[in-house]
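Visitor: coords please:
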Amino acid sequence: MEEMRNVEMVEGEQGRMCVNMEWGAFGDNGCLDDIRTIYDKAVDDFSLNAGKQRYEKMISGMYLGEIVRNILIDFTKRGFLFRGQISETLKTRHIFETKFLSQIESDRLALLQVRTILQQLGLNSTCDDSIIVKTVCGAVSRRAAQLCGAGMAAVVDKIRENRGLEHLEITVGVDGTLYKLHPHFSRIMHQTVKDLAPKCDVTFLLSEDGSGKGAALITAVGCRLRDAEQN
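Guide: Residues are numbered from 1 along each chain as shown. So this is what the prediction gives:
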């Protein structure tokens, strides 16, 4: 909920407005180019909406597996993985699903089990390969969690500043399988928000069907405001 005086596209300064930031499109103007990698660009180039939703493509579960796959291909070409042999499986887009990141990064998973997962993907790996793959998965998911946390920290601290508060307490509803199922994503994201927005006390609340409930909430508020104006 943003203070109306800060909503430049709408007239009036009284009250607040519910704002859908659509923050997945952050970076489409090039402001994220300094931290985008060749792997991010490869995923973007072959996506259905190339050049769009760049921030989303760095943090969303829909894309993390594909980022990992592109890194593994590059490492294999350099001779670091799979004896330098790129399998047909590894060439297949979206074959490395994000659920494999969650499985591979599980603290309870031994390297032998990591090898089993890779074999299911048609990747005949050694123990050294498994260590590298697990490290890559960890780096990609950690970066995603930190980038997501950075975005959240910027938003809540902006809310605090706009309301003229020294300290803000706020609750954030979160939905998505990456947040719910990945063994480390939520913890890293929470810590990042805490580090970057120390004047904000953020409580994260798991929300099922967040989009549907959000639409219903906005509709309810709109109906209430309409009825208030008519009366």
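
Visitor: how about the helices in the chain?
Guide: 38-45, 56-59, 61-77, 88-91, 98-104, 111-120, 127-162, 177-181, 185-196, 210-230 (DSSP state H).

Visitor: tell me the angle the longest one makes with helix 111-120.
Guide: Think helix 127-162. Going by axes from the mean of the first three to the mean of the last three Cα atoms, to 10 degrees, helix 127-162 is angled at 90 degrees with respect to helix 111-120.

Visitor: before we move on, what about the third one?
Guide: In this structure, helix 61-77 runs at an angle of 90 degrees to helix 111-120, with the same axes, to 10 degrees as the basis.

Visitor: packing partners for helix 61-77?
Guide: Judged by 3 or more Cβ pairs under 8 Å, 6 or more residues apart in numbering; DSSP states H and E, the packing partners of helix 61-77 are helix 38-45, helix 56-59, helix 88-91, helix 98-104, helix 127-162, helix 177-181. Every C-beta, even on glycine, is put in place using the N, C-alpha and C of the backbone.

Visitor: just say which of those is most tucked in.
Guide: Each of the helices and strands packed on helix 61-77 was scored by mean neighbour count; the highest is helix 56-59, a mean of 23, by mean count of other Cβ atoms under 10 Å.

Visitor: which one of the helices of the chain has the lowest average pLDDT?
Guide: Lowest mean pLDDT within the helices of the chain: helix 210-230, at a mean of 74.

Visitor: which helices and strands does that one pack with?
Guide: By 3+ Cβ pairs under 8 Å, 6+ apart, helix 210-230 packs against strand 168-174.
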